[in-house]
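J.: sequence and predicted structure are below.
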Amino acid sequence: MRETILDRVRNVFQGSQIGKVYTSQEIIRMVLKEYPSIKEGSIKPSDYCNNMTNKDKESNPALNNFNIFENVARGKYKFIGENNCEISNIQQKRSSYSFNEIDATINSRSIKPIASHIDLIEHNCCKNNKNKSNIQLRFDSDFTKLWCCNNHEEWLCAEEGYWDIIKFKKNLDIEIYFENLESEKIKQMSITKFINFLDEKYFVWKFTGNYINQKQKIFRQQDIDELVQIHKDIFAFNKNDIKQGLLIAKKINGLGVAGASGLLSVLFPEYFGTVDKFIVKSLLTIDGFEKSEELSRIKDPSSLTVNEGLALMQIMREKAMLLNKINNTTYWTPRKIDKVLWSHRQ
């Protein structure tokens with residue numbers, strides 16, 4: 001029988017010291033060292049963690065029975081051994097938490113970005129521009145290092161940080177739904193199903209709290225003929241034309257630039273990333289970022305203009321292309337870049 005990735009992770013850590021703490025990067029490197037043929041991006045420490053949930057565990061129940069790590073900090077995992085008697089106790093305790101208790105826990109702590117090793121930095125990747133933004137943010141040295149290093153494994157660890165945050169949200173199921181979304185199926189939907197998709201899925205994913213109901217109320221007043229045309233146009237335009245995509249998606253009642261970019265990013269992740277105030281703030285924490293002066297001219301990150309959204313989405317496209325070129329891969333997309341930026345917001 002062919003070995004699974006789970007089997008290979010088990011082999012690598014068999015006999016490891018109980019209680020030893022590893023970073024995400026260390027775990028990934030250890031497995032790749034023994035099994036270099038494993039597909040990039042497929043080694044996720046959270047898959048084997050007793051106090052974390054992610055999309056892989058939802059689709060592969062076998063992962064729920066193989067918990068050799070415990071998440072002890074952002075991007076850090078303690079080895080507890082397979083079938084450790086502590087596991088069932090920890091899982092039982094966590095299952096008794098209410099969502100309100102979990103939300104209180106995540107909101108009460110300061111989430112710091114994953115540290116990057118200084119020896120991986122390409123020192124000349126950022127220009128020495130001063131941040132002139134009216135938004136009062138301190139530079140983040142760890143995120144600056146990550147942005148400049150362009151190291152594939154470092155960025156994989158950072159991407160995992162997105163799920164470290166999402167796991168505390170009540171709508172994990174819908175997050176997984178959009179992670180696995182097939183745009184062709186949305187394209188083939190009847191107009192009724194397309195409307196339901198937007199109303200019951202997309203608005204619930206994109207917005208939070210009472211804002212969901214407010215946006216849905218506005219959306220439900222839209223003329224059906226307009227939505228028929230939008231449904232056609234959003235799959236027909238040239239995906240290289242960011243501005244055109246934003247203008248089409250923005251015609252949906254209730255969606256501004258942030259909402260329009262989100263829809264494009266889940267439908268066409270290879271071309272688009274979500275832009276919002278969190279993306280702006282994360283980019284402005286990069287010390288010496290070459291486009292900080294351009295970003296500083298954004299008057300209201302909570303209400304982006306089409307041109308501002310265009311500029312932000314272009315940044316994510318360029319970063320994805322750069323990571324793919326340097327690391328000789330096709331893994332990175334604007335959507336993956338926006339996850340990293342969103343999860344490193346301050």
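T.: Ah, there it is.

J.: can you list the weak-confidence ranges in the stretch 51-200 of the chain?
T.: 54-55, 74, 83-140, 167-171 (pLDDT under 70).

J.: where does pLDDT dip in the stretch 201-346 of the chain?
T.: Low-confidence segments of the stretch 201-346 of the chain (pLDDT under 70): 345-346.

J.: could you redo the last one with a cut-off of 90?
T.: For the stretch 201-346 of the chain, the stretches with pLDDT under 90 are 208-211, 281, 284-297, 299, 343-346.

J.: which residue ranges form the helices in it?
T.: Counting by DSSP state H, counting those that start in this stretch, the stretch 201-346 of the chain has helices at residues 203-206, 210-219, 224-236, 242-249, 257-267, 277-284, 292-296, 306-327, 334-343.

J.: and residue 78, its phi and psi?
T.: phi -90, psi 130 (degrees, to the nearest 10).

J.: and if you look at residue 17?
T.: With angles defined as degrees, to the nearest 10, residue 17 sits at phi -70, psi 120.

J.: that one reaches residue 78, doesn't it?
T.: No. Using C-beta atoms under 8 Å, residue 17 makes no contact with residue 78, being 10.3 Å away. All C-beta atoms are positioned from the backbone trio N, CA, C, and that covers glycine.

J.: so these two - more neighbours on which side?
T.: Shown here are residue 17 and residue 78; by other C-beta atoms under 10 Å, residue 78 has more neighbours (17 against 9).

J.: just to check, residue 270 is in contact with residue 332?
T.: No. Applying C-beta under 8 Å as the test, residue 270 and residue 332 come out as separate, 9.8 Å apart.

J.: neighbour count winner among these two?
T.: Neighbour totals were compared for residue 270 and residue 332, and residue 332 leads with 25 against 15 (other C-beta under 10 Å).

J.: now the residue most central in space within the chain: closest residue in space, sequence neighbours ignored.
T.: Residue closest to the mean C-alpha point of the chain, counted by C-alpha atoms, centre = their mean, is residue 339 at 2.5 Å. Once flanking residues are discounted, residue 339 sits nearest to residue 162: 4.0 Å by C-beta to C-beta, 6 or more residues apart in numbering.

J.: give me the number of residues near that neighbour?
T.: Around residue 162 there are 19 other residues, counting by other C-beta under 10 Å.

J.: just the helices from the stretch 51-200 of the chain, written as ranges.
T.: Going by DSSP H, counting those that start in this stretch, the stretch 51-200 of the chain shows helices at 55-59, 86-95, 99-108, 141-149, 152-166, 172-179, 183-187, 191-196.

J.: the fifth one vs helix 141-149, what angle?
T.: When you say that, I think you mean helix 152-166. Here helix 152-166 points in a direction 130 degrees away from that of helix 141-149 (axes from the mean of the first three to the mean of the last three C-alpha atoms, to 10 degrees).

J.: from the chain's centre, how far out does helix 152-166 sit?
T.: Averaging C-alpha positions (C-alpha atoms, centre = their mean, to the nearest Å) puts helix 152-166 7 Å from its chain's average.

J.: do the same with stretch 261-276
T.: Taking mean C-alpha positions (C-alpha atoms, centre = their mean), stretch 261-276 and its chain are 11 Å apart.

J.: list the buried residues in that stretch.
T.: 261-269, 271-276 (16 or more other C-beta atoms under 10 Å).

J.: follow-up on the earlier one: so the residue nearest to the centre of the chain is in contact with residue 159, correct?
T.: Yes. Here residue 339 reaches residue 159: they are 5.8 Å apart, a contact under C-beta under 8 Å.

J.: which one of the buried residues of stretch 261-276 is nearest residue 9?
T.: Nearest to residue 9 among those: residue 269, at 26.6 Å, using C-beta to C-beta.
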